[in-house]
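> what's the 3D shape of this:
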Amino acid sequence: MRAVAVLALLIGARSLVQEDEAERACRDMEKRLLAAKTVRVVFALTLEVDARQDKLKGGLWLAEGNKVRIEVDGTMAGKPMAMLTVSDGTAMIAKVNGVGPAARETPRGTGELIRGTVGRAGVFAGLFYRGPDSKDPALDDLFHVSDFKIAAREKMGEREVLVIEYKIGFRGAKEKGAVTAWVDAASHLPLKRVFTINDSSRKVRITEVYSELATDAEVESKLFVLPKE
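Numbering: from 1, shown residues only. Modelled structure (predicted):
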């Protein structure tokens, strides 16, 4: 009996160590994105809602002073969609298929919120699961992450990769989502993320692959010039 108890304690201790390592890796990823002067992401994603599948690709660029550019092209519900969001740090404009409201004031903390959202939820979930706000929300108000664990340790080429699983709760959502993230053990940046959730009786699965995710890289200033309306 004593041997069984000791074994149970060892297994429990190892599980706690792995949970701590998994959470630390995710928090380090978030901190790196939040601390970066610039962020550049090139991504491809697949959105599956029940039996329907859409594919999108795009880029996201962030610079200091709430400067933002997000481009997404592909299909949504089987129909062509092109989405563009640009902030020059003062004003912001967002259009879908070339249509959208006039430029408005860029909300305070926009760049920081997007950085944190990419770290926790990913590009798509951050764009489409965040509801409208009458005030500037905090990251913890929108997305709560928990139940971290290391599912595997893998190699991608020469890269050591941690496969981390965790739960994510969205403000106002009844169900929590499940995330699996492939995180570069050296850079603490994600290489791939799969997000699943049951949303209003629909099964949603989002797979994001980041062909490029760089921090503090050179970003051209012209990217943040508002398009002419």
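> Do a quick rundown of the helices in this structure.
2-35, 110-120, 123-128, 139-142 (DSSP state H).
> Least reliable of those by average pLDDT, please.
Out of these, helix 2-35 stands lowest, with a mean of 68 (criterion: mean pLDDT).
> what's near enough to touch the closest residue to residue 60 other than its chain neighbours?
With Cβ to Cβ, 6 or more residues apart in numbering as the criterion, residue 60 has its nearest non-adjacent residue at 4.3 Å, and that residue is residue 41. Placement of C-beta: from N, CA and C, glycine included. Residues in contact with residue 41, defined by Cβ atoms under 8 Å, 6 or more residues apart in numbering, are 59, 60, 61, 118, 123, 210, 212, 213, 214.
> Who is the third one paired with across the strands?
Going back to what we said before, that points to residue 61. Residue 61 has these beta-bridge partners by DSSP bridges: residue 40, residue 69.
> My guess is it contacts residue 86. True?
No: applying Cβ atoms under 8 Å, one finds residue 61 not in contact with residue 86, separated by 9.5 Å.
> Let me know the pLDDT of the residue nearest to the spatial centre of the chain.
With distances taken as Cα atoms, centre = their mean, the residue of the chain nearest its centroid is residue 122 (1.5 Å). On pLDDT, residue 122 comes in at 92.
> Could I get the phi/psi values of it?
Phi and psi for residue 122, reported as degrees, to the nearest 10, are phi 100, psi 180.
> out of everything not next to it in sequence, what's closest to residue 177?
In space, and not counting its chain neighbours, residue 177 is closest to residue 197: 3.7 Å by Cβ to Cβ, 6+ apart.
> From residue 205, how far off is that neighbour?
According to Cβ to Cβ, to the nearest Å, residue 197 stands 8 Å off from residue 205.
> By mean pLDDT, point me to the weakest helix or strand of the protein.
helix 2-35 (a mean of 68; mean pLDDT, DSSP states H and E).
> tell me the mean pLDDT for stretch 219-229?
Per-residue scores along stretch 219-229 average to 91.
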